[in-house]
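*Asks:* make a model of this:
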Amino acid sequence: MNSAQDSRKPEFPAWPQFGEEERAGLVRALEQGQWWRMGGGEVNAFEAEFGAYHGAAHALAVTNGTHALELALQVLGVGPGTEVVVPAFTFISSSQAAQRLGAVAVPVDIDPDTYNIDPAAAAAAITPRTAAIMPVHMAGQMCDMDALAKLSADSGVPLIQDAAHAHGAEWAGKKVGELGTVAAFSFQNGKLMTAGESGLVTLGTAEQYEQAFLRHSCGRPSTGRYYHHKTSGSNFRMNEFSASVLRAQLARLGGQIDTREANWQTLGELLGAIDGVQPQRIDARVTRNPHYMAMFRVPGLGAERRNVLVDALIERGLPAFAAFRAIYRSEGFWETGAPEETVESIAARCPNTEAVYADAVWLHHRTLLGTTEQMRRIADILAQTLATLCTPRSGSPSRGSAGRAARSGSPASSRTPPTRSSPPWTPPAPPASPSRPAGPGFPSWTTSPTSRPSWSTSSSSPSPTTCTRRSPAGCWSAASRSSWRSRCASPPPRPTASRPPSAR
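*Replies:* Below is the predicted model:
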């Protein structure tokens, strides 16, 4: 690849993807004359098709993924006085769905390699008040459903799968709808199937379905012609237009999963060859992984420099994102809070979550719909960016430069990088930021500054034209031949947070 080609930002397939099938579905829904589920046919058809694809006995379409979680929890009897075990590393809807029903969300630690809930940690959190265990299939990789199924059977606590990332996923040949007690899906704009917003619950029994239907339709039965509300509920009904789009999206899902799985085989190997990078480990028992994200860690990088890395990857054309914040480090978690808990007490039992949320990065799944050459380009960009991020301080040659000098017979000083005032990962002094207002149930901490450290490209960063090897590991070795971590200062200490005495 020449320097002109290498300097261009990569162009990945757009998301969402759509075509004539989605257009035809919208027209079909429009022309049927009934645009809500009670009179039309699109929602009913989508529920049947999605349920069959996922091996579910019953499926109920709703307005969004958060409502799907709330509805599924209600069906399981979650409410005031109960607890729900959730992974500490997840999107906050997982915990807030339980909290909005008056339950206590109990965060537990994750596996540091798969980023999924640790079954042993979940088992340790079960009490007589536990009403549900909520595994989240992070980035589409299913949790250890063998261990969780045993835990559920032994404890009598049902499993609600947060399958917002797991459309089409399989564990040991079994689909999401064949596992656990219930499952909740999301069709938000970034998800693997989308109608902008929408969600769905899969259920195992007719009784569960009837309860869910009542609660998603203001307590009214599907056959009720009169205003007879048999239970409390809300309006979570999906409309016909969303369902028509999702039927077309479901038809695309299988082929897209095939492409993403094949590309992850390439990208995962390339990322793993970069010094200091650890791609998400895939459990061998996962038989189908839809890959909602391309996730990896850079252990030891720290949150500040991880954010600088993300900004730099975006600048170089990769749709990169920082990993989810630990849910207990979000203010929203403490609006209802967790009795007898503090940020520190939860963090102490979740060391893996603390590490992963500070050093993990993910790439949008549309990258995995690209070409094999684009997978190589992703790895090259990451390797080059990390090399720039950790350029040695002026006058301090890296082990790699000294080694090259020794092999070439030239003095190491002649090969040191140009002088720079400070390494690019050193953040500027943060501006003073006021503490957020105190309130019941809120931990007292100072909000992080909204501005991120600016990214500057070092003239000593590896030039793309100097690498002639196809492997990103080869490019990396040609650039430094040493661990970037050996050339980086220790990460800054993470600020601590505590809840006020009145909230304990």
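*Asks:* mind checking what secondary structure residue 80 has?
*Replies:* Taken by DSSP: H, G, I helix; E, B strand; the rest coil, the conformation at residue 80 corresponds to coil.
*Asks:* test my guess that it contacts residue 99.
*Replies:* No: using C-beta atoms under 8 Å, residue 80 is not in contact with residue 99, being 10.8 Å away. For the C-beta atoms, the positions are set from N, CA and C on the backbone; glycine is no exception.
*Asks:* comparing these two, which residue is more hemmed in?
*Replies:* Neighbours were counted for residue 80 and for residue 99 using other C-beta atoms under 10 Å; residue 99 has more, 20 against 8.
*Asks:* for residue 364, list each beta-bridge partner.
*Replies:* Judged by DSSP bridges, the bridge partners of residue 364 are residue 293.
*Asks:* for residue 363, grab the count of nearby residues.
*Replies:* Counted with other C-beta under 10 Å, the neighbours of residue 363 add up to 21.
*Asks:* quick one: it and residue 57, what's the gap?
*Replies:* Here the criterion is C-beta to C-beta, to the nearest Å. By it, residue 363 lies 35 Å from residue 57.
*Asks:* what's the answer for residue 159, then?
*Replies:* Where residue 57 is concerned, residue 159 sits at a distance of 15 Å (C-beta to C-beta).
*Asks:* would you mind measuring the gap between the ends of stretch 127-138?
*Replies:* Distance across stretch 127-138, first residue to last, is 25 Å (C-alpha to C-alpha, to the nearest Å).
*Asks:* list the buried residues in it.
*Replies:* The neighbour-count criterion (16 or more other C-beta atoms under 10 Å) identifies 130, 131, 132, 133, 134, 135, 136, 137, 138 as the buried residues of stretch 127-138.
*Asks:* any weak-confidence spans in this protein?
*Replies:* Across the chain, residues meeting the criterion (pLDDT under 70) sit at 1-6, 224-225, 391-504.
*Asks:* got the CA positions of stretch 359-368 in PDB?
*Replies:* C-alpha atoms of stretch 359-368 as PDB (Å, rounded to 0.1, in the frame of the first residue of the first chain):
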ATOM      1  CA  ASP A 359      -9.000   0.400  29.200                       C
ATOM      2  CA  ALA A 360     -11.500  -1.200  26.800                       C
ATOM      3  CA  VAL A 361     -12.400   0.100  23.400                       C
ATOM      4  CA  TRP A 362     -15.000  -1.000  20.900                       C
ATOM      5  CA  LEU A 363     -15.500  -0.400  17.200                       C
ATOM      6  CA  HIS A 364     -18.900  -0.100  15.600                       C
ATOM      7  CA  HIS A 365     -20.100  -3.400  14.100                       C
ATOM      8  CA  ARG A 366     -20.300  -1.900  10.600                       C
ATOM      9  CA  THR A 367     -16.500  -2.200  10.500                       C
ATOM     10  CA  LEU A 368     -17.000  -6.000  10.500                       C
END
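*Asks:* thinking again about what came up before, so residue 159 and residue 57 - more neighbours on which side?
*Replies:* The neighbour count for residue 159 versus residue 57, taken as other C-beta under 10 Å, is higher for residue 159 (23 against 14).
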